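Engineer: starting from these lines, generate the structure:
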Amino acid sequence: MRICVADDEKQVREGIIHKLRDCHPYAEVFDVGFGQSALDKIFAVQPDLLFVDIRMPEMDGLAILQAVKRFRP
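Structural biologist: Residues are numbered from 1 along each chain as shown. Got it, this is the predicted structure:
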């Protein structure tokens, strides 16, 4: 399973990633950052699951989810 975590706060992102790796040691967990960069990395990784912060600068989580939904419903 591939999981991507997008959040503009690095410490929050790292905390979520750490918890996910503890709970799911066989999953591939990716730190994709935030904004357009996150969206580009999400398209490259093609994850099975996304953890996305709603309020982020540049591109909010809802915009990221809408773009991903068009690409991979």
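Engineer: what about the helices in this protein?
Structural biologist: 10-23, 35-45, 61-71 (DSSP state H).
Engineer: would you tell me which of these gets closest to residue 55?
Structural biologist: Nearest to residue 55, of all those, is helix 61-71, at 7.3 Å by Cβ to Cβ. C-beta here means a position set from N, CA and C on the backbone, and glycine is covered the same way.
Engineer: ok, residues contacting stretch 47-63?
Structural biologist: Under the criterion Cβ atoms under 8 Å, 6 or more residues apart in numbering, residues 1-9, 12, 16, 20, 30, 34-36, 38-39, 42, 64-65, 68 lie in contact with stretch 47-63.
Engineer: cutoff 10 Å now
Structural biologist: For stretch 47-63, the surrounding residues in contact (Cβ atoms under 10 Å, 6 or more residues apart in numbering) are 1-9, 12-13, 16-17, 20, 24, 27-30, 32-39, 41-42, 64-68, 72.
Engineer: are any of these buried, and which?
Structural biologist: 3-8, 13, 16-17, 20, 29-30, 32-35, 38-39, 41-42, 64-65, 68 (16 or more other Cβ atoms under 10 Å).
Engineer: got a list of contacts for stretch 11-21?
Structural biologist: By Cβ under 10 Å, 6+ apart, stretch 11-21 touches 1, 3-7, 9, 27-34, 38, 49, 51, 53.
Engineer: can you redo the helices of the chain as CSV with mean pLDDT?
Structural biologist: Formatted as CSV, these follow (pLDDT from 0 to 100):
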stretch, mean pLDDT
helix 10-23, 97
helix 35-45, 95
helix 61-71, 93
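Engineer: now for residue 25, how many residues are close by?
Structural biologist: 8 (other Cβ atoms under 10 Å).
Engineer: distance of it relative to residue 18?
Structural biologist: Distance of residue 25 to residue 18, given as Cβ to Cβ, to the nearest Å: 12 Å.
Engineer: distance check, residue 19 against residue 25.
Structural biologist: To residue 25, residue 19 is 12 Å away according to Cβ to Cβ.
Engineer: could you do residue 46 as well?
Structural biologist: 21 Å.
Engineer: pretty sure residue 2 sits against residue 27.
Structural biologist: Yes - here residue 2 lies in contact with residue 27, judged by Cβ atoms under 10 Å, at a distance of 7.2 Å.
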